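**Q** model this:
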Amino acid sequence: MNGAFFAVHSGLEREGPGEPADVARAAEVLGLARDARILDAGCGPGADIAALLEAAPEGHVTARDTHAPFVARVSEAWAGDPRVAAEVASMTEPGGPFDLIWSAGALYNLGLRDGLGALRELVAEGGAIAFSHPCLFEPDPNFDPAEMWGDEPVGTKSDIADAVAATGWESLETWRLSDAAWERYYQPLEARCDALEREASDDLLAAIGASRAEIAAWRRWRRQTGYLLTVARAA
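**A** Numbering: from 1, shown residues only. Now for the predicted structure:
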């Protein structure tokens, strides 16, 4: 099923919701230095690298992902730019220290507390993290969160804040990602599903169906669930 999943997700600009305005807002909250050292943790195909470099034009971005084709896309897109290094590696691989860790929707792969704790070890003194993570915006939603998130445990804004504080970070600001940020991801994904569906195998049809079901669930329940973006500094 992984092969079918990546077939659906091949060639997309983004592998999760977000937009450059989110990067710019996080940088403004932090007063990010122009020469900041940044880790793009779980970078996917590199959708946020341009915005990160716009925020820190004299800085450096280390882009890490465990999926080699994504890293290859980053390497090709930024070939010859010394400000970007792409690595096939876990986001928690030793390195840095980094002034900012940016992670767009990737910490669920590690578990929120485990991921935040491990990444805390990679930041410089006074360093920061900005990450988006699944969130229930109402504590008692009138739908089954598994419709959107599958088996992944999803907490409230308070639960995320508790995880941040428990792992050595001080939260500075949070906001929910906009509908536009989600559609920036989902509309191209829908188009990709449409293109593949005509001659798809059974495995690929299952992966396409799962993507369509996720999109439909978010559009139906988006007032109650989505991504919360948290900006925090090392305590």
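**Q** At the geometric centre of the protein, which residue sits there?
**A** Ala104 (1.7 Å; Cα atoms, centre = their mean).
**Q** Just list the residues touching that residue, thanks.
**A** The contact partners of Ala104, by Cβ atoms under 8 Å, 6 or more residues apart in numbering, come to Gly16, Gly18, Gly42, Gly44, Ala47, Asp48, Phe131, Ser132. The way it works is simple: take the backbone N, C-alpha and C, and place the C-beta from them, glycine included.
**Q** Can you lay out those as JSON lines showing neighbour count and pLDDT?
**A** Below are these laid out as JSON lines (neighbours: other Cβ atoms under 10 Å; pLDDT from 0 to 100):
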{"residue": "Gly16", "neighbour count": "19", "pLDDT": "92"}
{"residue": "Gly18", "neighbour count": "25", "pLDDT": "96"}
{"residue": "Gly42", "neighbour count": "26", "pLDDT": "96"}
{"residue": "Gly44", "neighbour count": "24", "pLDDT": "95"}
{"residue": "Ala47", "neighbour count": "22", "pLDDT": "97"}
{"residue": "Asp48", "neighbour count": "25", "pLDDT": "98"}
{"residue": "Phe131", "neighbour count": "27", "pLDDT": "98"}
{"residue": "Ser132", "neighbour count": "26", "pLDDT": "97"}
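**Q** picking up where we left off before, what sits against the closest residue to the residue nearest to the centre of the chain other than its chain neighbours?
**A** Among residues not flanking Ala104 along the chain, Gly18 sits closest, at 5.0 Å (Cβ to Cβ, 6 or more residues apart in numbering). Contact partners of Gly18, counting by Cβ under 8 Å, 6+ apart, are Ala47, Asp48, Ala104, Gly105, Ser132, Leu177, Ala181, Arg184, Tyr185.
**Q** Would you mind putting the CA coordinates of stretch 187-196 into PDB?
**A** Extracted as PDB, the C-alpha positions of stretch 187-196 are listed here (Å, rounded to 0.1, in the frame of the first residue of the first chain):
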ATOM      1  CA  GLN A 187      -7.000  20.700  -4.900                       C
ATOM      2  CA  PRO A 188      -3.800  19.500  -6.600                       C
ATOM      3  CA  LEU A 189      -4.200  16.100  -4.800                       C
ATOM      4  CA  GLU A 190      -7.700  15.800  -6.200                       C
ATOM      5  CA  ALA A 191      -6.400  16.600  -9.700                       C
ATOM      6  CA  ARG A 192      -3.800  13.900  -9.300                       C
ATOM      7  CA  CYS A 193      -6.400  11.400  -8.300                       C
ATOM      8  CA  ASP A 194      -8.500  12.300 -11.300                       C
ATOM      9  CA  ALA A 195      -5.600  11.800 -13.600                       C
ATOM     10  CA  LEU A 196      -4.600   8.400 -12.100                       C
END
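**Q** quick one: average pLDDT of whichever strand or helix holds Arg73?
**A** Under DSSP states H and E, the secondary-structure element containing Arg73 is helix 68-77. The average pLDDT for helix 68-77 rounds to 96.
**Q** I am finished for the moment; much appreciated.
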